[in-house]
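[1] quick check, what structure comes out for this input:
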Amino acid sequence: MFPFAKMTDGVIVIRPYEFGEEKELYTAVKESLPELTPWMSWATEKYTLNVARDFIIITRSEWSRGALYSFAITDAITGEFLGGCGLSHFHPIYKFCNLGYWVRTPKRGRGIAVRAAKLAARFAFERAGTIRAEIVIAEGNEASKRVAEKAGAHYEGILRNRITVREQILDAYMFSLLPTTFGLVAHL
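    Predicted coordinates:
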């Protein structure tokens, strides 16, 4: 759809995953499994270096189609890999998408996910043509809920049977970010 792009707030950078960084991704996921596994279907003991490599290949291909924008979160100064965030499930008629995020366990609690969510939402509004970014969080995932709140997302309620994580059917909090959250005007 358009060239690979990165965004920064001076503290973190979000950018497309790069070929060859599957080891950093794999290491971050493996060390974070206890925190990720209850909430992310893909976060299991079966996560391998090959899965990380395939994920990077797929996300770069999907970016080129404009179907998925998956970002590595890195430190703006050191380039250290901090986690991931992404925009997915773009609705072609109603112009909204889903926004998700995760931060590797040793780096949690530093505002990284909040920064990444804000940057990803701005990308959705400024570059991907959306007017709404939804953050759907499994009920009980208090860490992700706090991130949405701190990012300025609007709480819209509980959606019943909205998320599945492996064999579990979960209710979910619905939050949304809008262009007005960032002083932007929505355009069709």
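[2] which parts of the helix or strand bottoming out on mean pLDDT in the chain are buried?
    Between all helices and strands in the chain, the lowest mean by mean pLDDT, DSSP states H and E belongs to helix 49-65, at a mean of 95. Within helix 49-65, the residues scored as buried using 16 or more other C-beta atoms under 10 Å are 52, 53, 55, 56, 59, 60, 62, 63. Heads up, the C-betas are built off the backbone N, CA and C, glycines and all.
[3] next structured bit after it?
    Next helix or strand after helix 49-65 toward the C-terminus (DSSP states H and E): strand 69-75.
[4] which is the succeeding secondary structure element to that following strand?
    Past strand 69-75, the next helix or strand by DSSP H and E is strand 81-88.
[5] after that following strand comes which helix or strand?
    strand 96-103.
[6] who touches that following strand?
    32, 36, 40, 73, 82-91, 110, 112-113, 116-117, 120-121, 124, 128, 130-136, 144, 147, 177 (C-beta atoms under 8 Å, 6 or more residues apart in numbering).
[7] which among those count as buried?
    Looks like those have 32, 36, 40, 73, 82-87, 90, 112-113, 116-117, 120-121, 124, 128, 130-136, 144, 147, 177 buried, using 16+ other C-beta under 10 Å.
[8] narrow those residues to those in helices?
    Among those, the members found in helices (DSSP state H) are 32, 36, 112, 113, 116, 117, 120, 121, 124, 144, 147.
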